[in-house]
Each structure stands twice: as structure tokens, then as C-alpha cells.
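Asks: need coordinates for the following:
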Amino acid sequence: MDVNGKAAIITGGGSGIGAEVARHCASAGMKVALLDVNMDGANAVAAETGGVAVQCDVTSAESAEAAIAAARKARSARRPMRPPRAASSR
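Replies: Here you go, the predicted model:
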């Protein structure tokens with residue numbers, strides 16, 4: 001499966017297994033968003049992987065929704081604009 005350029009949202013991405021998953025995903029070419037309450041760790045892993053760190057407490061639905069919206073916004077702000085696709089003639 002080609003995951004290059006795909007997005008990954010990783011909870012607990014600032015340390016332990018989450019950080020390793022983020023590193024693995026980034027090495028495969030994925031854009032990673034690290035959701036964590038540990039912002040020091042998330043920021044460090046984001047700097048290492050070229051990802052984005054987002055504050056999130058996954059025990060709160062509101063926090064998770066806000067974090068996903070913030071990750072989406074950060075990703076779209078960093079994504080280069082693509083020219084529109086030409087209409088196909090069938």
C-alpha cells in the first residue's frame with residue numbers, strides 16, 4: 001500500500017509507542033499530526049518528523065474534535081496548492 005502523502009492522526013504521539021508510530025509513518029512519507037496532552041514531547045517529535053503537534057485530551061470529546069479540526073487546518077495550511085484537474089472527456 002502506498003501511503004506517501006497520506007495523513008495520519010496519532011494519539012499519544014509525544015512519547016512511547018505513539019512517537020515510534022509517528023516516526024514510522026513519517027519515514028513512509030505520511031504527514032503526521034501528533035495529538036497529546038504532553039506538548040513538550042509532541043513538539044519534539046513533530047520537529048523530528050516534520051509533523052504538527054496538537055494539544056488533545058482524548059478523554060474529552062470536545063478536545064478531540066477541536067484537535068482534529070486544528071490538525072486539518074494545520075495540514076491544509078502547509079499543503080502546496082495543486083492546479084485544478086482537467087475535466088476528462090469520455
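
Asks: in this protein, which spans are strands?
Replies: Counting by DSSP state E, the chain has strands at residues 7-11, 31-36, 52-55.

Asks: mind giving me the packing neighbours of the longest one?
Replies: The reference is to strand 31-36. strand 7-11, helix 16-27, helix 39-49, strand 52-55, helix 61-78 (3 or more Cβ pairs under 8 Å, 6 or more residues apart in numbering; DSSP states H and E). Bear in mind the C-beta positions are built from the backbone N, C-alpha and C, glycine included.

Asks: return the most buried member of those.
Replies: For the helices and strands packed on strand 31-36, the largest average neighbour count (mean count of other Cβ atoms under 10 Å) is found in strand 52-55, namely a mean of 22.

Asks: run me through the strand neighbours of that strand, direction for each.
Replies: Neighbouring strands of strand 52-55 in its sheet, by DSSP bridges, are strand 31-36 (parallel).

Asks: now the partner strand against helix 16-27, angle please.
Replies: 170 degrees (axes from the mean of the first three to the mean of the last three Cα atoms, to 10 degrees).

Asks: list the contacts of strand 31-36.
Replies: Defining contact as Cβ atoms under 8 Å, 6 or more residues apart in numbering, one finds that strand 31-36 is touched by 5-15, 18-19, 22, 25-26, 42, 45-46, 49-56, 58, 64, 67-68, 71, 74-75, 78.
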